[in-house]
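S.K.: what follows is a predicted protein model with its sequence.
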Amino acid sequence: MGEPGSEHASTEAMRSFWDRKARENPMWFVHSTLDYAHPDPEEFWRSGEETLDSTLEPFDVDITGRDRVLEVGCGVGRITRALAQRAETVVGLDVSDEMVSRAAANLAGLDNVEVALGNGRDLSSFPDASFDVAYSFIVFHHIPDPAVTCNYVVEMGRVLRPGGWTVFHVSEDPTAHLPENRPDPGLGDRLRAAIGRRPRGTKEAQWVGAAVDRADLLDALRRGNLDLEASVGDGTLYCLVYARRR
Ligand SMILES: C[S@@+](CC[C@H](N)C(=O)[O-])C[C@H]1O[C@@H](n2cnc3c(N)ncnc32)[C@H](O)[C@@H]1O
C-alpha cells in the first residue's frame, strides 16, 4: 500500500481523526446532512433504516434472519441497528475507539450485535468464510489511500462464505477529493467552527478521502474471489457495488 495519501491512512492517523470527530459531533460526522448545531436523533436513526433500504434495493437483495453480517465502518451504530433488526447476528467494525464505544452504548439493548475495534486496514481479526454478508456505506470514500480500500475489498471476499455477498460504497470520482474542490470556509464559518457551531476538520485527508480506479477495484474483487454482479452510480462519488463470493 503506497498510494498518494498513504501517510494519512495509517491506523493512528485515521483513528485519531475519527476519535476527534466522534467527540466533536458524532451524529453529524456520521450523517452530515443533519443540522450540525442541533442534530435530530429521530432523523438520525430513521436515516439508518432508509439508507439500508436504498442501498440494497437496486440489487434486489435483503438481509434475512439467518444471515451473519459484517459492517465495515459502523460509526455509532446508525445502520448497524437496522441490520440487527433483520439479521441473525451483526458485527460492526470501526477504526475509532470513540465511535466503537458510542456504538456499544447505543446498541446495548440488542443481544445479536457486537462492535469491534479494527486496525483500519484489514479484517485480520475475523476467520475466513465467517460471514454471509459484508456491508459498508460512506466509509471507503473517506479513506485517503485507495490501496487500503482495495485491501478491504479483498478481505471482505476472504471473510465471506462461498455464495455470500457484499454491498459496499466507494467513490469513483477523483475530482470530488481534490482539496481545491472543497469550499474554503469564509471568516464567518471559521469563527463559527472555532466556537463549535460549524464542523471542524472537513479539509483533513481522513475526511476528504480518495476515489478508487475501476481497474483496481476489479482487481481487488478478483483477488477476493468476488464476482461483480452489478454496480450503480459508476464513476461518481456514490458508487454502490454488489458482488458475490465464488
Ligand atoms: C461517515 S461515518 C459512517 C458510519 C456508518 N457507516 C454510517 O453510515 O452510519 C464513517 C465511519 O467510518 C469509520 N472509518 C473511517 N476510516 C475507516 C477505516 N479505515 N476502517 C474502518 N472504519 C473507518 C469512521 O470511524 C466512521 O465511524
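M.R.: Here it is on my side, so go on.

S.K.: now stretch 69-85: buried residues?
M.R.: Neighbour-count burial for stretch 69-85 flags 69-84 (criterion: 16 or more other Cβ atoms under 10 Å). For the C-beta atoms, the positions are set from N, CA and C on the backbone; glycine is no exception.

S.K.: off-centre distance for it?
M.R.: Here the centre of mass of C-alpha atoms in stretch 69-85, compared against the chain's by Cα atoms, centre = their mean, to the nearest Å, lies 10 Å away.

S.K.: now this structure against the ligand: closest residue?
M.R.: Here the chain gets closest to the ligand at one residue, Gly75, 2.8 Å apart by Cβ to the nearest ligand atom.

S.K.: restricted to strands, list the buried residues of stretch 69-85.
M.R.: Val69, Leu70, Glu71, Val72 (DSSP state E).

S.K.: now the two most distant members of those.
M.R.: Maximum pairwise distance in these, criterion Cβ to Cβ, is 10.6 Å, between Val69 and Val72.

S.K.: find the residues that touch each one of these two.
M.R.: Ala134, Tyr135 (Cβ atoms under 8 Å, 6 or more residues apart in numbering).

S.K.: returning to that earlier point: for the residue of the chain closest to the ligand, which residues are in contact?
M.R.: Under the criterion of Cβ under 8 Å, 6+ apart, the contact list for Gly75 reads Pro26, Val30, Asp94, Met99, Ala103.

S.K.: pLDDT wise, what is the last one at?
M.R.: Here, the pLDDT recorded for Ala103 equals 98.

S.K.: and if you look at the fourth one?
M.R.: Note on Met99: pLDDT of 98.

S.K.: burial of it, as a residue count?
M.R.: Met99 sits with 26 neighbouring residues when counted by other Cβ atoms under 10 Å.

S.K.: where does it sit: helix, strand or coil?
M.R.: When classified by DSSP: H, G, I helix; E, B strand; the rest coil, Met99 comes out as helix.

S.K.: so, low pLDDT: which residues of this protein?
M.R.: Flagging of the chain using pLDDT under 70 yields the residue ranges 1-5, 179, 181-197.

S.K.: tell me the residues of it that contact the ligand?
M.R.: Applying Cβ under 6 Å from any ligand atom, we find that the chain lies next to the ligand at 14, 18, 30, 72-75, 78-79, 94-96, 99, 118, 120, 137-139, 142-143.

S.K.: which non-adjacent residue is nearest the residue most central in space within the chain?
M.R.: Averaging the C-alpha coordinates of the chain gives a centre point, and the residue nearest to it by Cα atoms, centre = their mean is Val139 (2.4 Å). In space, and not counting its chain neighbours, Val139 is closest to Gly73: 2.9 Å by Cβ to Cβ, 6 or more residues apart in numbering.

S.K.: identify the residues contacting the one you found.
M.R.: Neighbour list for Gly73: Leu93, Asp94, Val95, Ser136, Phe137, Ile138, Val139, Phe140 [criterion: Cβ under 8 Å, 6+ apart].

S.K.: now secondary structure too, for the residues you listed, in JSON lines please.
M.R.: Output for the contacts of Gly73, formatted as JSON lines (three-state DSSP):
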{"residue": "Leu93", "secondary structure": "strand"}
{"residue": "Asp94", "secondary structure": "strand"}
{"residue": "Val95", "secondary structure": "coil"}
{"residue": "Ser136", "secondary structure": "strand"}
{"residue": "Phe137", "secondary structure": "coil"}
{"residue": "Ile138", "secondary structure": "coil"}
{"residue": "Val139", "secondary structure": "coil"}
{"residue": "Phe140", "secondary structure": "helix"}
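
S.K.: which among the residues you listed gets closest to Arg46?
M.R.: Phe137 (15.3 Å).
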